[in-house]
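A.B. asks: Structure for this input, please:
(one chain, ligands or ions: 2)
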Amino acid sequence: MGINVLVVGSGGREHALAWKLAQSPMVAQVFAAPGNPGTAQVAANLPIPAEPASLLAAAAELSIGLTVVGPEVPLVAGLTDAFRAAGRTIIGPSQAAAQLEASKAFSKAFMIEAGIPTAASFTAPDTATAAGHIGDFGYPAVLKADGLAAGKGVVIAQNEREAREALETLPPGRIVIEEFLTGEEVSYIVLATGEGFLPLQASQDHKAIGDGDTGPNTGGMGAYCDGRIINEHQARQIEDLVIQPTLQHMAARGTPFTGFLYAGLMMTSAGPRVLEFNVRLGDPETQALLHRMDSDLAAALLDREPFRWRPDPSVCVVMAAQGYPGTVRTGDVIHGLDQAPATVFHAGTRATGRGIETAGGRVLGVTESGATLQDAVDRAYAAVRMISFDGMQFRTDIGHKGLRRW
Ligand code: AMP
Ligand code: GLY
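C.D. replies: Ligands and ions are numbered 1, 2, ... in the order given. Now for the predicted structure:
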């Protein structure tokens with residue numbers, strides 16, 4: 001008899017987690033709270049709020065043996081602390097360790113203290129002080145709001161006028177002004193176990209809304225995973241210069257980090273530089289990663305078995321709703337879901353009498369693998385072209401960075 005697993009969250013990453021965990025021989029039944037119409041295909045959805053008391057009660061009632069938290073918000077709210085206090089196994093950092101993502105100012109100060117390579121920066125206590133420092137690192141200038149912003153709190157300003165405009169749109173509070181770095185952007189995620197860590201493969205996100213990385217930043221418009229994104233030497237560098245010291249210094253501060261640690265990196269000519277830490281799996285990186293993960297995810301989470309990967313590269317193309325990343329329109333009926341020959345992870349969808357409708361900014365993550373990256377890209381886009389809804393937006397160049405490099 002396997003164990004019951006609870007996945008917390010309702011996006012594409014959580015659908016991919018539920019999909020992968022449901023394939024494990026160690027797992028009896030997957031539950032998703034609150035889940036979405038996609039998780040309902042592989043799990044039982046629990047219509048309960050994502051807050052500790054309700055989740056703990058559900059975990060007790062359903063004899064949940066393992067809980068996996070997708071998004072950052074419940075982690076920052078202390079969900080893992082509540083579960084651990086009740087003696088329940090949960091994957092994710094404590095509220096104190098989740099500060100690495102919750103505050104850009106905290107994470108910058110932490111990196112400086114721990115000697116972790118990152119962009120030169122100045123943290124302004126408020127907008128007025130920031131206004132006096134926007135040109136400190138030249139242009140383009142990078143401006144980051146301090147708190148959680150679903151990937152949308154960062155502005156890259158090409159000149160002083162754009163920087164001043166951006167200051168008006170960012171939420172009030174602390175602002176980090178940063179040197180602009182160039183290079184390949186890489187998402188390097190590890191599972192920190194408390195004693196050590198198990199690395200996942202490197203993947204690449206596409207943060208801007210438009211082809212060729214144009215337009216405003218989003219939570220991620222697509223991702224791909226291919227064994228060539230970084231080489232062995234670069235992986236060692238990232239682990240030695242970023243992952244190890246982060247885990248060591250978090251432990252030394254009395255806030256040890258466990259769970260998924262996501263280093264968003266720029267691979268500059270001088271080596272890796274951290275752009276941001278996340279305290280969870282990436283979305284949509286997870287959809288691409290899990291599609292080609294050969295090993296049993298539950299065995300990694302429970303028994304610390306190292307991850308294994310199929311050689312086939314994978315691609316996830318996000319289909320977003322009209323207006324995203326601004327104010328989105330919802331309620332558009334999605335056509336072609338049953339015909340699309342790919343794994344279609346649901347994110348912002350809902351089931352109604354009219355069928356499956358859009359219900360959020362990022363709607364679907366159409367995911368495929370192939371013998372080559374080109375194959376994976378072609379297959380993913382063949383499926384994307386069979387799906388439609390009014391106002392849909394998707395990038396047509398997911399994975400092309402890799403195609404150009406190799
Ligand atoms: P963050 O949320 O800090 O990862 O920033 C969102 C995105 O903005 C990143 O994925 C990068 O594409 C870009 N970005 C952030 N910081 C920098 C930087 N210092 N130099 C260049 N691009 C950056
Ligand atoms: N895809 C970027 C993130 O999950 O933050």
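A.B. asks: Okay, the closest residue to Trp406 other than its chain neighbours and Ala340: tell me how far apart.
C.D. replies: Leaving aside its sequence neighbours, Trp406 sits nearest to Arg228 (CB to CB, 6 or more residues apart in numbering; 5.9 Å). Quick note: C-beta positions are derived from backbone N, CA and C, even for glycine. According to CB to CB, to the nearest Å, Arg228 stands 27 Å off from Ala340.
A.B. asks: Mind checking which of those two has more residues around it?
C.D. replies: Ala340 (18 against 11; other CB atoms under 10 Å).
A.B. asks: Now do the contacts for the residue of the chain positioned farthest from its centre.
C.D. replies: Within the chain, Gly132 marks the point farthest from the mean C-alpha position, 32.8 Å out by CA atoms, centre = their mean. Contact analysis of Gly132 by CB atoms under 8 Å, 6 or more residues apart in numbering lists Ala124.
A.B. asks: go on, Arg395?
C.D. replies: By CB under 8 Å, 6+ apart, the neighbours of Arg395 are 206, 209-211, 221-222, 317-318.
A.B. asks: same thing with Arg84?
C.D. replies: 90, 94 are the contacts of Arg84 under CB under 8 Å, 6+ apart.
A.B. asks: That one belongs to a strand?
C.D. replies: No: Arg84 is assigned helix when assessed by DSSP: H, G, I helix; E, B strand; the rest coil, not a strand.
A.B. asks: Please tell me how far it sits from Asp390.
C.D. replies: Taking CB to CB, one finds Arg84 at 45 Å from Asp390.
A.B. asks: Repeat that for Ala351.
C.D. replies: From Ala351 to Asp390 the distance is 18 Å (CB to CB).
A.B. asks: Quick one: name the residues of this structure near ligand 1.
C.D. replies: Proximity of the chain to ligand 1 (CB under 6 Å from any ligand atom) is limited to residues 119, 142, 144, 151, 154, 178-181, 185, 207, 217, 264, 275-276.
A.B. asks: With respect to pLDDT, which of those ranks lowest?
C.D. replies: Minimum pLDDT across those is recorded for Gly151, with 61.
A.B. asks: What confidence value was assigned to the residue in the stretch 101-250 of the chain that ligand 2 sits nearest to?
C.D. replies: Nearest residue of the stretch 101-250 of the chain to ligand 2: Gly220, at 3.4 Å (CB to the nearest ligand atom). Looking at Gly220, its pLDDT is 95.
A.B. asks: residues contacting it?
C.D. replies: 151, 205-207, 282-285, 318, 362.
A.B. asks: Inside strands: which ones of the residues you listed?
C.D. replies: When DSSP state E is applied, the contacts of Gly220 are split such that 205, 318, 362 fall in strands.
A.B. asks: can you tell if stretch 286-303 touches ligand 2?
C.D. replies: No: with CB under 6 Å from any ligand atom as the criterion, ligand 2 is not reached by stretch 286-303; the gap is at least 8.0 Å.
A.B. asks: With adjacent residues omitted, what lies nearest to Gly78?
C.D. replies: Closest to Gly78 by CB to CB, 6+ apart is Gln95, at 3.8 Å.
A.B. asks: Could you do Val42 as well?
C.D. replies: Nearest non-adjacent residue to Val42 (CB to CB, 6+ apart): Ala22, at 4.3 Å.
A.B. asks: Ok, Ala359 next?
C.D. replies: Arg350 is the one closest to Ala359 (CB to CB, 6+ apart), at 4.0 Å.
A.B. asks: what's the neighbour count on Pro256?
C.D. replies: 16.
A.B. asks: Name the secondary structure element that contains it.
C.D. replies: For Pro256, there is no host helix or strand (DSSP states H and E).
A.B. asks: likewise Leu261?
C.D. replies: strand 259-268.
A.B. asks: buried set for that strand?
C.D. replies: 259-267 (16 or more other CB atoms under 10 Å).
A.B. asks: Over to stretch 373-387?
C.D. replies: Neighbour count says stretch 373-387 has 373-374, 376-377, 379-381, 383-384, 386-387 buried, by 16+ other CB under 10 Å.
A.B. asks: swap in stretch 177-188?
C.D. replies: Taking 16+ other CB under 10 Å as the criterion, stretch 177-188 shows 177-179, 181, 184-188 as buried.
A.B. asks: Need these in a markdown table (columns: secondary structure and distance to Tyr324).
C.D. replies: A markdown table is the format used below for those (DSSP: H, G, I helix; E, B strand; the rest coil; distance: CB to CB, whole Å):
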| residue | secondary structure | distance to Tyr324 |
| --- | --- | --- |
| Ile177 | strand | 27 |
| Glu178 | strand | 25 |
| Glu179 | coil | 29 |
| Leu181 | coil | 26 |
| Glu184 | strand | 25 |
| Glu185 | strand | 20 |
| Val186 | strand | 24 |
| Ser187 | strand | 20 |
| Tyr188 | strand | 26 |
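A.B. asks: Now for the most centrally placed residue in the chain: which residues touch it?
C.D. replies: Centroid check for the chain by CA atoms, centre = their mean gives Gly282 as the closest residue, at 1.6 Å. By CB under 8 Å, 6+ apart, Gly282 lies in contact with 13, 187, 189, 203, 205, 220, 223, 262.
A.B. asks: Show me which of those is closest to ligand 1.
C.D. replies: Looking across these and measuring by CB to the nearest ligand atom, the closest to ligand 1 is Asp205, at 6.8 Å.
A.B. asks: and Cys316, how many neighbours?
C.D. replies: Residues lying near Cys316 (other CB under 10 Å) number 36.
A.B. asks: typo on my end, it should be Gly115
C.D. replies: With other CB under 10 Å as criterion, Gly115 counts 10.
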